[in-house]
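>>> Sharing a model prediction with you, sequence too.
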Amino acid sequence: MYLLIVTLPLLGCATSALFGRFLGSRGAAIVTTSCVGTSFLFSLVAFYEVALVGSACTLQFAPWFDSEMFDASWGFLFDSLTVVMLIVVTLVSTLVHTYSISYMSEDPFLPRFMCYLSIFTFFMLMLVSADNLIQMFLGWEGVGLASYLLINFWFTRLQANKAAIKAMLVNRVGDFGLALGIMSCFLVFQSVDYHVLFAVANEWAMKESLAPESFVFCNMHVDALSAICLLLFVGAVGKSAQIGLHTWLPDAMEGPTPVSALIHAATMVTAGVFLIARCSPLFEYAPNALVVVTCMGAMTAFFAATTGILQNDLKRVIAYSTCSQLGYMVFACGISNYAVSIFHLMNHAFFKALLFLSAGSVIHAMSDEQDMRKMGGLNQVLPFTYAMMLIGSLALIGFPFLTGFYSKDVILELAYTKYTISGHFAFWLGSLSVLFTSYYSFRLLFLTFLENTNAFKQDIKNAHDAPPLMAAPLIVLAFGSLFVGYLCKDMMIGLGTDFWGQSIFVLPDNSNLSESEFSTPQIVKLIPLLLSTLGAGIAYWINNHKNSFVYDFKTSSLGRRFYTFLNKRWLFDKVLNEFLAQSVLRFGYSISFVTLDKGVIELLGPYGIATTMRTLSKRTSGLQSGLIYHYAFIMLIGLTVLITFIGLWDIVSFWVDSRLFLIFFCTFLFLPQRS
Amino acid sequence: MNVFNNLSTLIFLPLLGAILLLFVPNNIRLIRQIGLISALLAFIHSLFFWVRFDNSTAHFQFVEQMNWLPSSNIQLYIGIDGISLFFILLTTFLIPICMLAGWSSIQNYRREFMIAFLVLEALMIAVFCMLDLLLFYVFFESVLIPMFLIIGVWGSRERKIRAAYQFFLYTLFGSVFMLLGILFLFFQTGTTDIQILYTTEFSERRQILLWLAFFASFAVKVPMVPVHIWLPEAHVEAPTAGSVILAGILLKLGTYGFLRFSIPMFPDATLYFTPLIFTLSVIAIVYTSCTTLRQVDLKKIIAYSSVAHMNFVTIGLFSLNPQGIEGSLMLMLSHGFVSSALFLCVGVLYDRHHTRLVRYYGGLANTMPVFCAIFLFFTLANMSLPGTSSFVGEFLILVGAFQSNTFVATLAATGMVLGAAYSLWLYNRVAFGNLKPHFLATYSDCNRREFFMFLPFVIVVIWMGIYPQIFLDTMHDSVMHCIEHSRI
């Protein structure tokens, strides 16, 4: 049954891909959805058995490739961490499958779409259930592929093409780091198996293991575990869209909206967080890496939140919000609270999928219009969607007693009670981000639903609320967004819970859950709430009242710059495109191809030889003049030179070097060609 | 029955087919059938060797011996081990498919086309099972002749003469030094039997000279960086089937040579020159990957990416640990399948639209869905997505290289990113985007022949991707043996 959880989506995908044309849209949709749905039911059972009853299980069934010590095998590991992810992935996937049936019903390529969704689910399940790093890498790359295909689903659109390639490439940069991390693991510990790695990491810290403490990486002596963790983190940065490699995530919004909900909000982007949590036994012994993780996460949270406030595309706002929330998860990992991070991951999956699917409902209703400036007043035509969006937004900003509240506030408190520089850094950036989060969420609500409408009349007339098949997943997710946090808090992050078993490891020194529970000052606990209220207030003030101050600020030069800077996403894309991509492409053409391949190498190679031989032979044939005194003269000169050389060898030999001959012969190639 | 156990039978089988073809009447159906059947027979026969292969020993198996030049103590000595077995299988696997690739696109000299490929097959099998250095050299060089003809006769443009000339010039230029090296070895040891040479120790200075002599020849074949420009040129001009053989097998001769001769025979020199190889290979990976990004000719893109992949292989070989070398062998095999299949894909497009320029293509996913699915699969394999054969090879190579030099492995791993860049770019341009009806007039998906041409590739690539253990087990002992030799 555990195997079926993973393989059922593959079966659905294969059926849809190979027999899609016989099954038809409806048939393929039913097959894939029921496969994933069954997989969800099975994961519920797995959740009960593994997480609640507490019997983690591993399945090892075949070698994949092994070469002496290197041993990658096909095996699965189901522990609490995995089953939580299983629940999240299969539930959201099932809902998105269902939603897509209706959302994509007019698309003639529905079977292909369902097939991609299923293959994504399969790879994601591989990722979370693998028991070694290599198999995890398979899932890791696989979800990237699925993301590429899904973003590119409407492949005639140039923007979609660009976004898809960008997503894959930026992810690949992360994978580059991840692959190096896996190799370092193997170099240090001679294994890529989770169990071995984590056991040895412990020994390693106790100085009882034979694994070296440092190794030479790129000609530098580096601390082994720090290097491994940082390299693994590079992978996480790519996949989880942390600052620097985040640029693909907003662009990925070019894909169909269900895809955004499934991949770019709930599941794939959280793979990086999952990786860090999974490798917690390694990260725990690498305090330096944890500092980096914390700072990166905090900066991402802040950066993405600020960018989100001035985006005009409905989905992009939510995308930046995702990016920002991922920042929270990552810095929660950085302060050694992996459980809280995974808890936030789960909560986030609910409300972010809800937000995206509601946004999809809006876009669907508005004839594929995504610009918030061309919406407004939709609460009257789309009351249901409005309610869903409101629930999602409130959960996102951490409105008390909704889902987000239980994880996000805890993360901030934990950061505060870490009492380290990085902890405070994360706390303050995270708190400020709360302000921005609340601002952009409410701005989105105001612009889309509450303000006077700017939409085209035709769009408003044709607008219709979500059909039942789209509404059902929204309702499920809405309930999740309302209650999951409250229901699962004590189970997952309560004090002294043994829910996680052996799957997450926290050094006793690093654990500060009780510290934050009992000794956080009241004011610190209230900061997120106050800031989010403030953010909502500002959003109300700016977006609902056309006051002159806001107008003046918007039109001042400072305001314009501010707007451009944030609207252009801190100009990350510009820098990356112009300084990195362009220079590589320029190198690829003008230097490596034109100058070298078609220039120097050809000249020194075949064409140089050919032309030189021709000119040389012409000249030597010119020497055959047939006149005896020419020949005599040449012989005389030749003999003189030869005898001089032999006679004066002791003096001359100093200047003769065999390497000179190479230069001598090369000069032939540059002889001017006589016409 | 005994005859079936002989490697020489395998060599002669295609030759017999070729001779038979000389005498059949000029009936195209008959000619094709005889050609294909003899190639298929050779393939099936070669599978017997795999079945009967003994994994537990590093000795040469199926050994045959014949006095060739008794006066000079040179013997015709053939046999295979875990390293060469797969190259023979690869050869026999690819030849029938090459014939299918030229099934309808080759319009003139059809009989000669079949004969050329059968002769080429015989020669290549002979190269891979030859255990005598001099005869290895003879066959190594003679492979050029049919290849030269294939490019020169069935190539697509006027430029083919230039390409064939360049191809010949570069390879011969390198081989001259190898011949000198072989003569040197012969006069020193009095034999060219490589099993004896394995156990002979040379002084370090001689090793270095000999290694360089062999390197000159193999580096051209790989191709390493300053001598790689013949490859894109030859690929672009060759017919599809020619490109398949060129990428699938001829490129492997260089790396096979490194593994068979340079590494075990000159271990000191190998260690001495490892930095050189690493440097050249890393340069090649980054350099050719960057170049690939800006090419507009479909075949050139795949040819340049072949250079990058083959340089991965050399890195793996010279990391001198089991992961690296086994990874190299896997990547060689995988590259033999993947890039061959990609060339076939280009061939399919070329047969329909008679252009290889990327700019004319676009939106083929609309009109050729089956083809695009296949093309996507091989594009992904080319960028070594896990689950395909290349991943196993590439990852093992990187693991091996990482143990021997992290810096090299890191730089080589950038090839992963760049590889993804050009593969995806190519695929996007061809399959996605809008159709360009002004340029492309015919809209027909893969026909049955083409589909069944690709199917074996798909099966093998997936098989090697998810269960490569069968291959690794077979080669393991031979690889370990080779490493033992190189460690002294």
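Perfect, thanks for sending it.

>>> For the rest of this, base every contact and every neighbour count on C-alpha atoms.
Noted.

>>> how near is the residue positioned nearest the centre of chain A to chain B?
For chain A, the residue lying nearest the average C-alpha position, counting by CA atoms, centre = their mean, turns out to be A:Lys239 (2.0 Å). When distances are taken as CA to the nearest CA, to the nearest Å, A:Lys239 and chain B turn out to be 14 Å apart.

>>> could you say what helices and strands the helix or strand where B:Leu329 lies packs with?
Under the criterion DSSP states H and E, the helix or strand holding B:Leu329 is helix B:322-353. Of the remaining helices and strands, those touching helix B:322-353 by 3 or more CA pairs under 8 Å, 6 or more residues apart in numbering or on different chains; DSSP states H and E are strand A:57-67, helix B:82-101, helix B:240-245, helix B:298-318, helix B:369-382, helix B:389-404, helix B:448-466, helix B:469-487.

>>> In chain B, which strand is the longest?
Ranked by residue count and defined by DSSP state E, the top strand of chain B is strand B:61-69.

>>> Pull the distance from that strand to the chain's centre.
Taking CA atoms, centre = their mean, to the nearest Å, one finds strand B:61-69 lying 25 Å from the centre of the chain it belongs to.

>>> and that strand with helix B:82-101, angle?
The directions of strand B:61-69 and helix B:82-101 differ by 80 degrees, with axes from the mean of the first three to the mean of the last three CA atoms, to 10 degrees as the criterion.

>>> Listing partners with orientation, what would you give for strand B:61-69?
Based on DSSP bridges, the strands next to strand B:61-69 in the sheet, each with its direction, are strand B:74-80 (antiparallel).

>>> buried stuff in the partner strand?
The neighbour-count check on strand B:74-80 (16 or more other CA atoms under 10 Å in any protein chain shown) flags B:74-80 as buried.

>>> Not counting residues beside it along the chain, what's closest to B:Tyr360?
With CA to CA, 6 or more residues apart in numbering or on different chains as the criterion, B:Tyr360 has its nearest non-adjacent residue at 5.9 Å, and that residue is B:Phe439.

>>> Ok, A:Phe593 next?
B:Thr291 (5.8 Å).

>>> Would you agree that neighbour is in contact with A:Thr595?
No - shown here, B:Thr291 and A:Thr595 do not form a contact pair, counting by CA atoms under 8 Å, at 11.2 Å.

>>> The two: which is more packed in?
The residue with more neighbours, out of B:Thr291 and A:Thr595, is B:Thr291; 27 against 14, by other CA atoms under 10 Å in any protein chain shown.

>>> which other helices and strands contact whichever strand or helix holds that one?
Assigned by DSSP H and E, B:Thr291 belongs to helix B:267-293. Contacts defined by 3+ CA pairs under 8 Å, 6+ apart place helix B:267-293 against helix A:582-586, helix B:204-221, helix B:298-318, helix B:406-431, helix B:469-487.

>>> Show me which residues of it are buried.
Per 16+ other CA under 10 Å, helix B:267-293 contains these buried residues: B:267-271, B:273-275, B:277-278, B:280-293.

>>> same deal with stretch A:140-156?
Neighbour-count burial for stretch A:140-156, with 16+ other CA under 10 Å as criterion, is recorded at A:140-156.

>>> so, in contact with chain B or not, that stretch?
Yes - with CA under 8 Å from any CA of the partner chain as the measure, stretch A:140-156 is seen reaching chain B through A:141-142, A:155-156.

>>> what about that stretch, average pLDDT?
On average, the pLDDT along stretch A:140-156 is 91.

>>> How far off centre is the helix or strand A:Trp541 falls within?
Assignment of secondary structure by DSSP H and E places A:Trp541 within helix A:522-544. Centre-to-centre, helix A:522-544 and its host chain are 30 Å apart (CA atoms, centre = their mean).

>>> cool, stretch A:248-262 as well?
Using CA atoms, centre = their mean, the distance from the centre of stretch A:248-262 to the centre of the chain it belongs to is 12 Å.

>>> Over to stretch A:27-44?
Averaged C-alpha coordinates place stretch A:27-44 at 26 Å from its chain's average position (CA atoms, centre = their mean).

>>> Could I get the CA-only coordinates of that stretch as PDB?
The C-alpha trace of stretch A:27-44 is given here as PDB (Å, rounded to 0.1, in the frame of the first residue of the first chain):
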ATOM      1  CA  GLY A  27     -12.000   9.700 -19.100                       C
ATOM      2  CA  ALA A  28      -8.400  10.800 -18.600                       C
ATOM      3  CA  ALA A  29      -9.500  13.300 -16.000                       C
ATOM      4  CA  ILE A  30     -11.500  10.700 -14.100                       C
ATOM      5  CA  VAL A  31      -8.600   8.100 -14.200                       C
ATOM      6  CA  THR A  32      -5.900  10.500 -13.100                       C
ATOM      7  CA  THR A  33      -8.100  12.200 -10.400                       C
ATOM      8  CA  SER A  34      -9.200   8.900  -9.000                       C
ATOM      9  CA  CYS A  35      -5.600   7.600  -8.900                       C
ATOM     10  CA  VAL A  36      -4.400  10.600  -7.000                       C
ATOM     11  CA  GLY A  37      -7.500  10.500  -4.800                       C
ATOM     12  CA  THR A  38      -6.800   6.900  -3.900                       C
ATOM     13  CA  SER A  39      -3.300   7.800  -3.200                       C
ATOM     14  CA  PHE A  40      -4.600  10.400  -0.800                       C
ATOM     15  CA  LEU A  41      -6.800   7.900   1.000                       C
ATOM     16  CA  PHE A  42      -3.800   5.600   1.300                       C
ATOM     17  CA  SER A  43      -1.700   8.400   2.700                       C
ATOM     18  CA  LEU A  44      -4.300   9.000   5.300                       C
END
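
>>> And the average pLDDT for it is what?
Rounded to a whole number, the mean pLDDT of stretch A:27-44 is 93.

>>> now do stretch B:404-419
The average pLDDT within stretch B:404-419 is 91.

>>> Name the SS class of A:Ile601, please.
For A:Ile601, the reduced secondary structure class is helix; criterion used: DSSP: H, G, I helix; E, B strand; the rest coil.

>>> what about the residue lying closest to B:Ile462 once chain neighbours are set aside, neighbour count?
The spatial neighbour of B:Ile462 that comes closest, neighbours along the chain excluded (CA to CA, 6+ apart), is B:Thr388 at 5.3 Å. Residue neighbour count, defined by other CA under 10 Å, stands at 28 for B:Thr388.

>>> go on, A:Thr82?
Residue neighbour count, defined by other CA under 10 Å, stands at 27 for A:Thr82.

>>> No more questions from me, cheers.
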